[in-house]
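Trainee: Provided below for reference: sequence and predicted model.
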Amino acid sequence: NAGVTQTPKFRILKIGQSMTLQCAQDMNHNYMYWYRQDPGMGLKLIYYSVGAGITDKGEVPNGYNVSRSTTEDFPLRLELAAPSQTSVYFCASTSTWSYEQFFGPGTRLTVL
Amino acid sequence: TQLLEQSPQFLSIQEGENLTVYCNSSSVFSSLQWYRQEPGEGPVLLVTVVTGGEVKKLKRLTFQFGDARKDSSLHITAAQPGDTGLYLCAGALIQGAQKLVFGQGTRLTINP
């Protein structure tokens, strides 16, 4: 199993540009999450999904959108990128009967 | 304001010393987890504690969940350079929701 995969690993955006961060998991997990991690900080929840077709906002959803058309994929869309969105983004997943979240390797995004 | 406060935020000690990291909150958690994160990677679960007063040992690491399920501690005995990393505590506020709130992390450096 590949676990949780994320692409790209690094990206530089100009202010106002848009992009999609890809996340996929092959563990048949129902729950998927997007977090951002700013320097010296923990993880803040952006959006999460409890299954295909169902998404909900986390703690810091402004400026982001998500979709969950399949169990495996949970892309994160940034519209009109701003410098405040410079961060490392982590995707995670977990099963219905476990507390353990499995994390991808992260995407380091810089908005200039 | 941080729902989960970790202390200290930074800790640098010599190999062989003991240390304790704390994770405190005014909120009650249904479970609490400790993750370890290496540079350039996502967090990896070390342990989950569920019952108030629970103590779990993982080799030289001892984890404790407070009786009131509001706090936790991580104690490392005879620290080794391989213990270096970012330690994150994460709490699940509502049983079954499987959303986690993360502390800001403790960056631990063990010097040879």
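Mentor: That came through, no problem.
Trainee: Look up which residues are beta-bridged to residue A:45.
Mentor: residue A:35 (DSSP bridges).
Trainee: Quick check: it touching residue A:35?
Mentor: Yes. Residue A:45 is within contact range of residue A:35, at 5.7 Å (criterion: CB atoms under 8 Å). Using the backbone N, CA and C atoms, a C-beta is placed for each residue, glycine as well.
Trainee: What ranges does the chain have for its strands?
Mentor: Reading this off chain A. Counting by DSSP state E, residue ranges of the strands within chain A are A:4-7, A:10-13, A:19-25, A:31-37, A:43-51, A:54-57, A:64-66, A:76-78, A:87-94, A:102-103, A:107-111.
Trainee: Can you look at chain B instead?
Mentor: B:5-7, B:10-14, B:19-24, B:31-37, B:44-49, B:55-58, B:61-65, B:71-76, B:85-92, B:100-102, B:106-111.
Trainee: Among the ones you listed, show the one with the smallest mean pLDDT.
Mentor: Sorting the strands of chain B by mean pLDDT places strand B:100-102 lowest, at a mean of 91.
Trainee: which residues touch it?
Mentor: For strand B:100-102, contacts defined as CB atoms under 8 Å, 6 or more residues apart in numbering or on different chains pick out A:35, A:42-45, A:101, B:3-4, B:33, B:88-93.
Trainee: can we see that at 7 Å?
Mentor: A:42-43, A:101, B:3-4, B:33, B:88, B:90-93 (CB atoms under 7 Å, 6 or more residues apart in numbering or on different chains).
Trainee: One more: stretch B:35-55?
Mentor: A:90, A:99-100, A:103-106, B:31-34, B:56, B:58, B:61-69, B:72, B:85-88, B:90.
Trainee: Look up the closest residue to residue 7, ignoring the ones flanking it.
Mentor: Answering for chain A, as no chain was given. Spatial nearest neighbour of residue A:7, chain neighbours left out: residue A:22 (4.7 Å); criterion: CB to CB, 6 or more residues apart in numbering or on different chains.
Trainee: Actually, chain B is the one I wanted.
Mentor: Nearest to residue B:7 is residue B:22, by CB to CB, 6+ apart, at 5.0 Å.
Trainee: What's opposite that neighbour in the beta bridge?
Mentor: residue B:7, residue B:73.
Trainee: Report the separation between it and residue B:56.
Mentor: 16 Å (CB to CB, to the nearest Å).
Trainee: for residue B:6, same thing?
Mentor: 18 Å.
Trainee: neighbour count winner among the two?
Mentor: residue B:6 (21 against 15; other CB atoms under 10 Å in any protein chain shown).
Trainee: list the contacts for the spatially closest residue to the more buried one that is not a sequence neighbour?
Mentor: Spatially, and ignoring its direct neighbours in sequence, residue B:6 is nearest to residue B:103 (3.8 Å; CB to CB, 6+ apart). Going by CB under 7 Å, 6+ apart, residue B:103 touches A:42, B:2, B:4-6, B:23, B:88-89.
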